[in-house]
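In: Provided below are the primary sequence and the corresponding predicted coordinates.
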Amino acid sequence: MSPRKSPYFELKSGSVDTLLFVVKTTELDAMRAELTRRFEATPEFFANDTVAIDLRRLADGEQVALGDIARLLESVRMRPIGVVAQPAQHGWAAEAGLPFLEARDRRGAGAKAAADEAGAADGATVAAAAAAAETSAMAQPQAASAALAQPELFSSPDETPADEANGAAADAGASRAARTEPTLVIDRPLRSGQRIYAKGDVVVLGLVSNGAEVIAEGNIHIYAPLRGRALAGVHGNHDARIFCTCLEAELISIAGIYRTTEVPLSGEVAGKPVQIRLDAEKLLIEPLRLT
């Protein structure tokens with residue numbers, strides 16, 4: 001039998017989506033306190049999710065104890081699977097024994113690497129070049145419809161002007177790719193622990209219970225209460241939106257920018273029909289007028 005054809009296993013190239021835990025400080029006690037504060041009230045949000053430890057935002061010469069960070073993540077039920085680092089960080093980062101991973105993200109670290117390679121090039125020119133080069137980058141969303149009420153805002157953490165410019169060229173391509181996929185229609189309720197993934201848009205006609213998850217590369221439409229998690233535009237499509245007739249979600253996310261019940265919803269949108277979209281790296285939650 002050919003060694004390339006085995007009925008027992010295969011080794012194939014591929015890509016796996018995972019969270020990035022971006023380290024921005026060497027103060028582990030402060031990191032531990034903040035992580036505990038954010039997740040102690042909602043311990044199930046990222047339970048059993050894989051995460052890569054991203055060191056690229058540390059200043060030159062700074063080092064952290066990766067083993068301690070890995071144990072910290074495990075304490076909130078995340079599963080560290082590797083490290084994303086600059087070449088200069090590989091020496092000390094290797095001591096933790098975690099594998100090095102490549103991240104195809106579109107934000108801060110990518111823009112910083114482009115700037116470093118460009119040397120004396122003008123910052124705006126570098127940002128524009130990075131935007132043209134990154135095929136998975138993010139475009140600005142369309143303006144709000146005049147028929148919608150004043151939106152509620154939720155900012156993405158620590159985004160910079162360079163991050164906003166980085167990749168404004170090709171998210172339209174990601175949006176078009178999502179639209180070419182057929183819409184997935186789910187005509188049953190989703191119970192706790194169930195997960196739905198759609199390469200394009202997804203329409204859910206039943207209740208999304210607490211602990212259930214709807215993930216789409218395109219838009220999400222839920223014609224029932226949303227009590228679990230909804231993640232739209234998961235491959236960086238900033239044009240993606242979430243629509244639901246009753247917002248009671250544990251977590252909502254578009255292109256990686258998320259909000260949990262840690263931040264209470266206003267009375268204008270809690271339990272009401274809404275649409276959720278992005279505007280300048282912020283989640284907007286807007287009441288929908290259905291009549």
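Out: Thanks, I have it.
In: Give me the neighbour count for residue 253.
Out: 22 (other CB atoms under 10 Å). In short, each C-beta sits where N, CA and C put it, glycine included.
In: Which strand residues bridge it?
Out: residue 231, residue 258 (DSSP bridges).
In: ok, it - contacts?
Out: Each residue near residue 253 by CB atoms under 8 Å, 6 or more residues apart in numbering is listed here: 229-232, 234, 259.
In: which parts of stretch 206-214 are buried?
Out: Of the residues in stretch 206-214, 207-209, 211-214 count as buried by neighbour count, 16 or more other CB atoms under 10 Å.
In: ok, residues contacting that stretch?
Out: Residues from elsewhere that reach stretch 206-214, judged by CB under 8 Å, 6+ apart: 44, 186-196, 202, 204, 220, 222, 224-231, 250.
In: ok, 7 Å please
Out: Contact with stretch 206-214 is made by 44, 187-196, 202, 204, 220, 222, 224-230, 250, as judged by CB atoms under 7 Å, 6 or more residues apart in numbering.
In: before we move on, back to that, so which of the buried residues of stretch 206-214 sits lowest on pLDDT?
Out: Ranked by pLDDT, those bottom out at residue 211, which has 89.
In: and that residue, that one's in a helix?
Out: No - counting by DSSP: H, G, I helix; E, B strand; the rest coil, residue 211 falls outside a helix, being coil.
In: Let me see the ranges of the strands in the stretch 151-291 of the chain.
Out: 152-155, 184-186, 195-198, 202-204, 213-216, 220-226, 229-232, 242-247, 251-254, 257-260, 274-279, 282-287 (DSSP state E, counting those that start in this stretch).
In: circling back to that earlier point, out of the contacts of residue 253, which two sit at the greatest distance?
Out: 234 and 259 (15.3 Å; CB to CB).
In: Now do the same for stretch 86-100: mean pLDDT, whole number.
Out: Mean predicted confidence for stretch 86-100 is 91.
In: Quick check: buried residues in it?
Out: Those would be 86, 89, 93, 96, 98, for stretch 86-100 by 16+ other CB under 10 Å.
In: now swap in stretch 224-236 and tell me
Out: Buried, per 16+ other CB under 10 Å, within stretch 224-236: 225-236.
In: now do stretch 73-80
Out: 73, 76, 78, 80.
In: Redo the buried residues of stretch 224-236 as TSV? Include pLDDT.
Out: Output for the buried residues of stretch 224-236, formatted as TSV (pLDDT from 0 to 100):
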residue	pLDDT
225	95
226	95
227	93
228	92
229	92
230	94
231	93
232	93
233	91
234	87
235	84
236	84
